[in-house]
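> model this:
(chains A and B)
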There are 2 protein chains.
Amino acid sequence: MTLDLSADVVALTRALVDLPSESGAEGPLADAVEAALTALPHLTVERLGNTVVARTDLGRAERVIIAGHLDTVPAAGNLPSREQDGRVYGLGACDMKGGVAVALRLAAQLAAPVRDITYVFYECEEVEGERNGLHQVATHRPGLLAGDFAILMEPSDAGVEAGCQGVLEAEITVRGIRAHTARAWMGVNAAHRAAAVLQRLADHTPERVLIDGLEYREGLSAVAVRAGVAGNVVPDECVITVNARFAPHRSPREAKEYVRGLFPPEEYDEFTVTDVAPGALPGLDRPAVASLVEHLGVTPRPKLGWTDVARFTALGIPALNLGPGDPSLAHTAGEYVPVEQLRSCERQLGEWLGAEGA
Amino acid sequence: MTLDLSADVVALTRALVDLPSESGAEGPLADAVEAALTALPHLTVERLGNTVVARTDLGRAERVIIAGHLDTVPAAGNLPSREQDGRVYGLGACDMKGGVAVALRLAAQLAAPVRDITYVFYECEEVEGERNGLHQVATHRPGLLAGDFAILMEPSDAGVEAGCQGVLEAEITVRGIRAHTARAWMGVNAAHRAAAVLQRLADHTPERVLIDGLEYREGLSAVAVRAGVAGNVVPDECVITVNARFAPHRSPREAKEYVRGLFPPEEYDEFTVTDVAPGALPGLDRPAVASLVEHLGVTPRPKLGWTDVARFTALGIPALNLGPGDPSLAHTAGEYVPVEQLRSCERQLGEWLGAEGA
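Now for the predicted structure:
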């Protein structure tokens, strides 16, 4: 399979969709991307697993990283691609082969950009964080990610979604004493006790936090409740799994203390954080970010979900989400990317990166 | 395998324990019981599946049913039987091969009791009600269960436990609207809503109902709570399984209305009764019951759990639980039956049934 980077961005998006690359099976697509980029004399290409990194090296004052993941969730009867009513439909069209197509077009066209560019096409974004290609590069070849500013081409409706919220998952365990239901008074019902914890969740009003003029709306949700031993037994344990989204002004440690502090200690027995991922500050005051936002003429929005921009933030690199496609269509069988957004993203980023000094 | 009904009740209990008869595998034990009873000229024996019914037919004014189930729960490392410190240990020793041994001894000894006796040794009491041998006889050969009074030899510490409470199991479903947890406000969290239902259960004070001088203590317990779609999804359904124990003055219909009435309609979406078994009134005013209680010189206690006495009640036959063994040991790996209770049950029932007119 050969990718023709001189093709129109729409044709390229369709070609990418039609080369399936479910997480863990990105090999053929990574091969095609590597081959296409290696053919370009202005780029230096390296590969790590199924992640391909390509760089210009023009000695510019600033270096911009443009990153997009190659993998998709499993197919849902949405292959091959099709074009209809100004949209490209198909697995990954929105999340995020449309964005990858834009980045590949920029890589081919911008032989002498005004800012040096590092393109990162990476594997395993849709699965556990340990396999994530960006994480692998940051761990094993951190020098490849040196840069002043990162653009993650996650779908953002071609607008700028700045920073991202953090995620914390915790298990709140309420205990009781097991007993036969015919003698329920001899026990303590953990499910009954759990009412207090669930009521705290129901009563909680999440905060709305303003950072750089963007409102991050936090959230706190019970995502699972599990209790039950047998049909005639008073349960001695009830576990409530909580998913919290916290604005990026809180560190993971602060988020943990904040969430834990919402529950009076006498109402539960254990509070265990099972996963936490830091948020990312929008960084709209950084010169490169301000320049891009001004060039695009858009009003940045806060990113409420979690994305890999948080990884760049952790590396000290300001980052934002900017890519074609409606983020709410990600992972849906009917996902698509609007042709108009593919073209506008390619044009606007190309202008910002290359027009002045090419 | 041959059962020696002339053996001491302790030896007979041990022989029964050592002939495993987990529910559904009662065949060999039923064969042995049938053979031993058929050898007794004063009994007419019939068999239905693995249930054995044996009757005297002396034309007495009253007929008493003595019933016990042959099956046990699965073994738990508690075979073979052993005797220690005045107790017989082993699978089913308490629930209820001790009681079966007493009944078999009575069947062998009482050739001319003052009351006609129908012995019922039945299968599948520990599993779903449809397979229950007593239910099968009541359905297919109801005439075999004709009688004025029934003694169920379930463990009751050799005392009289009268009547039994009813059981109602219901599922209370609370619904919501699914949403991504990063935009939780776009959904309605069913687990959060369920707090109200669980709090009603926590706040409910079960009634204590006095019938024939016996206090039946009701109960209402959440026995299971289930909610959860995925770690980042606001759940749209939470199902609370409730187990209610109701005093025998309530019919199943009344119990259902009573339990449902505890929950304001706006706090849940569905209330489904998944199982209900009626209770049984103690019937202490019936002459045969009063006679037995007086003979034993005991103070009847209320039965809080559900037993097959309710089946007899449904057939219009007053019934009580009277058998050796501590009911709280049933289904435990360490279950045992006290030798003294085996002997006292055999002696007292023998006196009441046979001593006067043999």
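
> Pull the contacting residues for the residue nearest to residue A:179 when sequence neighbours are not counted.
Nearest-residue entry for residue A:179: residue A:187, 2.7 Å, with adjacent residues in sequence omitted and distances by C-beta to C-beta, 6 or more residues apart in numbering or on different chains. Where C-beta positions appear, they are placed from N, C-alpha and C, glycine not excepted. With contact taken as C-beta atoms under 8 Å, 6 or more residues apart in numbering or on different chains, residue A:187 is in contact with A:176, A:177, A:178, A:179, A:234, A:236.

> Quickly note the distance from the residue nearest to residue A:162 when sequence neighbours are not counted to residue A:303.
Nearest residue to residue A:162 in three dimensions, chain neighbours excluded: residue A:282, at 3.4 Å (C-beta to C-beta, 6+ apart). Residue A:282 sits 8 Å away from residue A:303, taking C-beta to C-beta, to the nearest Å as the criterion.

> who touches both of those two?
Shared contacts of residue A:282 and residue A:303 (C-beta under 8 Å, 6+ apart): A:162, A:163, A:320.

> Surely the last one touches residue A:152?
It refers to residue A:320. Yes: taking contacts as C-beta atoms under 8 Å, residue A:320 lies within contact range of residue A:152: 7.1 Å.

> what is in contact with these two at once?
Residues touching both residue A:320 and residue A:152 (C-beta under 8 Å, 6+ apart) are residue A:309.

> Next, the contact list for the nearest residue to residue A:343 once chain neighbours are set aside, please.
Excluding the flanking residues, the one nearest residue A:343 by C-beta to C-beta, 6+ apart is residue A:9, at 6.4 Å. Contact analysis of residue A:9 by C-beta under 8 Å, 6+ apart lists A:101, A:102, A:105, A:342, A:343, A:346.

> what does residue A:259 give?
A:168, A:170, A:220, A:242, A:244, A:246.

> ok now the worst-scoring helix or strand of chain A on mean pLDDT, how far from the chain's centre?
None of the helices or strands of chain A scores lower by mean pLDDT, DSSP states H and E than strand A:179-180, at a mean of 86. Relative to its chain's centre, strand A:179-180 lies at 47 Å (C-alpha atoms, centre = their mean, to the nearest Å).

> quick one: contacts of that strand?
Contacts of strand A:179-180 (C-beta under 8 Å, 6+ apart): A:185, A:186, A:187, A:232, A:233, A:234, B:305, B:328.

> By neighbour count, which of those residues wins?
Compared across the contacts of strand A:179-180, residue A:234 has the highest neighbour count, 27 neighbours, by other C-beta atoms under 10 Å in any protein chain shown.

> who does it bridge with?
For residue A:234, the beta-bridge partners are residue A:179 (DSSP bridges).

> any idea how far it is from residue B:258?
Distance from residue A:234 to residue B:258, by C-beta to C-beta: 20 Å.

> where does residue A:175 fall, phi/psi-wise?
Residue A:175 adopts backbone torsions of phi -110, psi 160, taken as degrees, to the nearest 10.

> surely it meets residue A:234?
No: with contacts counted by C-beta under 8 Å, residue A:175 stays clear of residue A:234, the gap being 11.9 Å.

> next one: the longest helix belonging to chain A to chain centre, how far?
Longest helix in chain A, counting residues (DSSP state H): helix A:190-203. Centroid separation for helix A:190-203 versus its chain: 32 Å, with C-alpha atoms, centre = their mean.

> and residue A:137, that's in a helix?
Yes: secondary structure of residue A:137 (DSSP: H, G, I helix; E, B strand; the rest coil): part of a helix.

> just checking, it touches residue A:145?
Yes: between residue A:137 and residue A:145 there is a contact under C-beta under 8 Å: 6.0 Å.

> of these two, who's got more company?
Neighbours per residue, other C-beta under 10 Å: of residue A:137 and residue A:145, the larger number sits with residue A:137, 22 against 19.

> which residues sit in contact with the more buried one?
A:48, A:51, A:53, A:120, A:122, A:144, A:145.

> who's in contact with residue A:39?
Going by C-beta under 8 Å, 6+ apart, residue A:39 touches no other residue.

> Just want the phi and psi numbers for it.
Here is the backbone geometry of residue A:39 (degrees, to the nearest 10): phi -70, psi -10.
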